[in-house]
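Q: Sequence first, predicted model second:
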Amino acid sequence: MRTLWTWGEFDAPAGVLWALLVDPEAWPRWGPSVRSAVVDADELAVGARGTVTTAIGVEVPFEITHFEAGTRWAWRIGAVPATDHRVEAIGPGRCRVGFGVPWPAAPYLVVCRSALHRLGRLVDEEGPTG
């Protein structure tokens, strides 16, 4: 299935953004559609499962479907392929983050774009080294 992407660039090392993307406790800080999340494993990995509570209070199960440490993870919410998350270093102390969604979910890119802005604010508030 075709994936549509939105990207943002950050004046911070890729590891700083990666840490925010893989920490379920941080998801509500940058994810506008996430109120909370719990993973039933010590860390994200292929096959890890959990529950995400949406901003409107609905709890839905998820499973990590792809994981490349330090660069990419993707998940399925219920039985539906959902967001793909990527981090790429683009220079010393600089990176870009991308969110990809299956083309039928194209309107969700607006939410992903908001998440990129929120990540930028977090990096600005906490500093480029976290």
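A: Happy to help now that I have it.

Q: neighbours around A79, how many?
A: Number of residues near A79 (other C-beta atoms under 10 Å) recorded here: 7. Backbone N, C-alpha and C define where each C-beta goes, glycine included.

Q: Tell me how far it lies from P24.
A: 21 Å (C-beta to C-beta, to the nearest Å).

Q: and what of G31?
A: For G31, the distance to P24 (C-beta to C-beta) stands at 10 Å.

Q: Likewise for V16?
A: Distance from V16 to P24, counting by C-beta to C-beta: 17 Å.

Q: before we move on, the earlier item: more neighbours: which of G31 and P24?
A: Taking neighbours as other C-beta under 10 Å, G31 and P24 compare with G31 leading, 23 against 18.

Q: pretty sure that one contacts A115?
A: Yes: using C-beta atoms under 8 Å, G31 is in contact with A115, at 5.4 Å.

Q: Which strands and helices lie in contact with the helix or strand encompassing E125?
A: For E125, the host element (DSSP states H and E) is helix 109-126. Helix 109-126 sits against strand 3-10, helix 14-22, helix 27-30, strand 94-102, with contacts defined as 3 or more C-beta pairs under 8 Å, 6 or more residues apart in numbering; DSSP states H and E.

Q: Might you calculate how far it sits from the centre of the chain?
A: With C-alpha atoms, centre = their mean, to the nearest Å as the basis, helix 109-126 stands 10 Å off its chain's centre.
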